[in-house]
Structures are given as structure tokens and as C-alpha cells.
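J.: this one's sequence-less:
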Ligand code: SAH
């Protein structure tokens, strides 16, 4: 679908005070242009924001049980000179009891435990720091990977569910100027097991009673119920490993974590060919598109990948996801003051969504979270409310998203896992 020329013309211009009238209320709103301050956005040879799709080559993380299919696990155990059925026992320890500690594995012969664990469950994530909010119901973990790369995950208890926001890459190559993760570029893709290990470690902590917010004595049956790929990285730029991780999440225990695909949200800046591939996987995950602007004029600047795939192409791919899977898709929209929060943009967004059908989509605006060095601020509350109201009035279910973890820089777009974080933790210990 092509952009509607009529709506393109409604883009607000600076209007002299003398010519303002109630009839052109929307055009009075300022239009702030994206820019960065306090850091320099990396540019490509043509002076456009740099996009990194390929992972820089670095030493590969050790192969782990969670990188392998059940058949491959058996093979690998045999290669270690041990009976193949040990693989199932190890999987049970890992995916059901959330442990990689040989001491706990009393069903395995004492003299081979160390060897099995070293060969099948190598250490992948070293905890560098843990930050909690007051009641302890939101926890941000900073992890160091085997090669020193740093990533974060955020664990959140909500009424009736526990959500983990996972990282899929160390850093991110998508260079969105309002997101802290993109500022340092892409360090590397994470392996399947590095993605899974974030969940296993969170489940261990929950079972030990380490997540606050609920007054119960026995936490042993509790675990992460929902996953959002909204931590560091662009999941669809690390497609194969992310999908293998999703397969392990939904595989029944002890082959995998036995989670429901519906509770897993894959969020993307809009890599259209990968969205199409995802729609054909036959795994009913929840799909989220980070749109942030309904017009190419602004989205070109706000989401650099828009230079490859335009708003309408991304929306067509999102609609196709719905058509193929029957799963209602989410549109993510960070509300940025005077940048993308204009009433006419809410109307244009509603128009573009309704053009494609009814009941296929909901919109999740989220007030922008502050990031270091950013001069942008979140929209004023009445503006947020007006944005939401207009979409709802146009028949698009729209709910303002709760921003959890802001106090610990754990909210959307704030994950940066800098070496300063590490330095601060060293100073604290
Ligand atoms: N790369 C993926 C997933 C990671 S970001 C994606 O872009 O979808 C998860 C969500 O946080 C995205 O919707 C992203 O646009 C949003 N986000 C990034 N920076 C933000 C900020 N400063 N405030 C609010 N949301 C932000």
C-alpha cells in the first residue's frame, strides 16, 4: 500500500501566531525533529545512520545443552564417552530444576557429574550486578558473557503473571536515536543457550523466593510465565538463534521449558522479510512492531531501518502475520513530546490500521523513557490521553503501557549494560 497523499499534507508546519485559528488546531503543535545530544550517532559511508545486520565475528560461546536438539544432546553425551540417557537426566536438571550445579545432581554417578556438567552445561552468564526496585518486584540483572560482552534482563512480577524481558544481542545494530541500547552499536549476536539461560537463572531466583511482591512462603511452583524480546538487541536480526530459543521455551519439559507460545512476545523494528518468515513458523508467538510514527517522513529519522522497509510495508507484514496466525498483533509507540505525539498522527495511525482490517491489532503507546544524553522527553499526560482516546474512538483498542523499572534504568530503551555499570559495581563491592 502506498502513502495517502492527502494525509501527508496534514503534516504540521510552524504557523505564525497571527494566522492561527481554532480550525487548524493540530497544525499549531510544534514539530521537534529527531537529533541526538551528548552522544554521536554512528553513520555509514553515505552519511546515513549506520545499520548493522551482521554480527561482528567474536569468539563463539561454548556449546551448551540448550543449543542442541534432544537428539544432538544424546549424541554429545555419547561423544563424552557416557551413556546417551544421561542427556535426559541433565535436561531435567536444567529445564525443570533450573540447576547447572553438579552437587545437586545426585541421580548421576558422582565420578562423572563434573565431566558431564563441564561438557554439557558450561557457564554462560556471570552475574555482575542485580538492581531491585523498592518492593523487589522488578529486578534488573547485568550479565557478563564468556567474552566480556555485557547484557541485561529485567524480571517483573505482575498480578497473575511473571514476565522476563530478555536480550537477544549484546548491543544492537538498529541505531534508533531514542534508545540507549543502540548508541554503542552491535557487539554480537547471543547464542540460543545464552538467551535461554536468562530464563533459567530467573526461574532459579524465583524458586528460591528472590522475587518480591507476593506474600507466599512457597515459591517453588512459580516461574516466568511470559517472555518479551524487548531487552537489548533486535531479535529478528538474530533470527535463527532466537527461533531456536523460542522452540526450547515451548518444548515440553524436560526437553525445554514447557512455556506457552502465546506468552512469548517477539518485538521488532520492522525487518520485513524476517516478519514474513516468522509468520510461516507455525509457532503462535505474540508479534509486536515498534512503529513509533505512522508517516515515513518522521519514521525515516526515528527508526533508521525505515530506509529499507517503509511504514506501509511493515504494516502490511504485520497484517500478514495476523492473517496467517490469527494472533492479534501489537503496535509499539513511544510517545515523545512534540515529536510523534500529535493528534493528526494518532488519526493517521488509526486510518492506516483500519485500512487493513478490523480487530487485527492493538496499539501500545508508552511514554518515552529517559535515556542518557537524550534531550527528548515523554509527552505530557493530556497529550498521551488524547492520543489514546483518538485511537480508541477510531475503533483501535489502545492501552497506555505501564513503564516498569525506570528507577533502575530497566525500562524499555534504557538497557545499555555499559562498562560504567561494571565499574560502579566493582566500586560497590
Ligand atoms: N529491537 C526490538 C526490541 C527491543 S526494544 C524493537 O525495537 O522492537 C523494545 C521496545 O522498547 C521497542 O518498542 C522500542 O522501540 C522501545 N523503546 C526503545 N527506547 C525506548 C525509550 N527510550 N522509551 C520507551 N520505549 C523505548
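T.: Sure thing, it's come through. Computed from a predicted structure; not experimentally measured. Numbers count the residues shown, from 1 in each chain.
J.: Could you double-check that residue 49 lies in contact with residue 177?
T.: Yes: counting by Cβ atoms under 8 Å, residue 49 touches residue 177, with 7.4 Å between them. Yep, even glycine has a C-beta here, placed from its N, CA and C like the rest.
J.: Between these two, which contacts overlap?
T.: Common neighbours of residue 49 and residue 177, using Cβ atoms under 8 Å, 6 or more residues apart in numbering, are residue 41.
J.: Give me the distance between the two termini of stretch 186-199.
T.: 22 Å (Cα to Cα, to the nearest Å).
J.: If you could redo that for stretch 131-145, that was the one I meant.
T.: 18 Å.
J.: In it, which residues are buried?
T.: Using 16 or more other Cβ atoms under 10 Å as the test for burial, stretch 131-145 gives 131-133, 137-145.
J.: Can you give me every residue that contacts residue 68?
T.: So residue 68 contacts residue 76 (Cβ under 8 Å, 6+ apart).
J.: do you know how far it is from residue 213?
T.: With the distance defined as Cβ to Cβ, to the nearest Å, residue 68 ends up 35 Å from residue 213.
J.: Closest to the ligand out of the buried residues of stretch 131-145?
T.: The ligand lies nearest to residue 140 out of the buried residues of stretch 131-145, by Cβ to the nearest ligand atom, at 14.5 Å.
J.: what's the helix or strand for that closest one?
T.: For residue 140, the host element (DSSP states H and E) is strand 138-144.
J.: before we move on, the earlier item: can you list the buried residues of stretch 131-145 in CSV and add pLDDT?
T.: Formatted as CSV, the buried residues of stretch 131-145 follow (pLDDT from 0 to 100):
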residue, pLDDT
131, 93
132, 92
133, 87
137, 92
138, 93
139, 95
140, 94
141, 96
142, 95
143, 97
144, 97
145, 97
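J.: Pick out the most distant pair among those residues.
T.: Longest distance between any two of the buried residues of stretch 131-145 is 26.7 Å, between 137 and 145; criterion Cβ to Cβ.
J.: so residue 174, which of the three states?
T.: coil (DSSP: H, G, I helix; E, B strand; the rest coil).
J.: Who are the contact partners of it?
T.: For residue 174, the contact set (Cβ under 8 Å, 6+ apart) comprises 51-52, 182, 234, 237, 269, 303-305.
J.: ranking the residues you listed by neighbours, who comes first?
T.: Using other Cβ atoms under 10 Å as the neighbour test, the contacts of residue 174 are led by residue 234, with 31 neighbours.
J.: how about the residues of this protein that lie near the ligand?
T.: Proximity of the chain to the ligand, by Cβ under 6 Å from any ligand atom, involves residues 174, 178-179, 230, 234, 267-269, 290, 332, 334, 366, 368-369, 371, 412-413.
J.: for residue 313, what are its contacts?
T.: 270, 272.
J.: Confirm that it sits in a helix.
T.: Yes: looking at residue 313 with three-state DSSP, it is inside a helix.
J.: Against the ligand, how distant is it?
T.: As judged by Cβ to the nearest ligand atom, to the nearest Å, residue 313 and the ligand stand 16 Å apart.
J.: 13 is where my numbering starts, stick with that
T.: Okay, residue one is now 13; in that scheme the one you just asked about reads as residue 325.
J.: burial of the residue in the stretch 63-212 of the chain that the ligand sits nearest to, as a residue count?
T.: Relative to the ligand, the nearest point of the stretch 63-212 of the chain is residue 191 (3.4 Å; Cβ to the nearest ligand atom). Neighbours of residue 191 under the rule other Cβ under 10 Å: 24.
J.: do the same with residue 298
T.: Other residues close to residue 298 by other Cβ under 10 Å number 20.
J.: Identify the residue nearest it in space, chain neighbours excluded?
T.: residue 277 (4.3 Å; Cβ to Cβ, 6 or more residues apart in numbering).
J.: so what's the backbone phi/psi at the one you found?
T.: phi -110, psi 120 (degrees, to the nearest 10).
J.: Residue 254 is in contact with that one, correct?
T.: No: here residue 277 does not reach residue 254: they are 12.0 Å apart, not a contact under Cβ under 8 Å.
J.: between the two, which one's more packed in?
T.: Between residue 277 and residue 254, counted using other Cβ under 10 Å, residue 254 has the larger neighbour count: 25 against 19.
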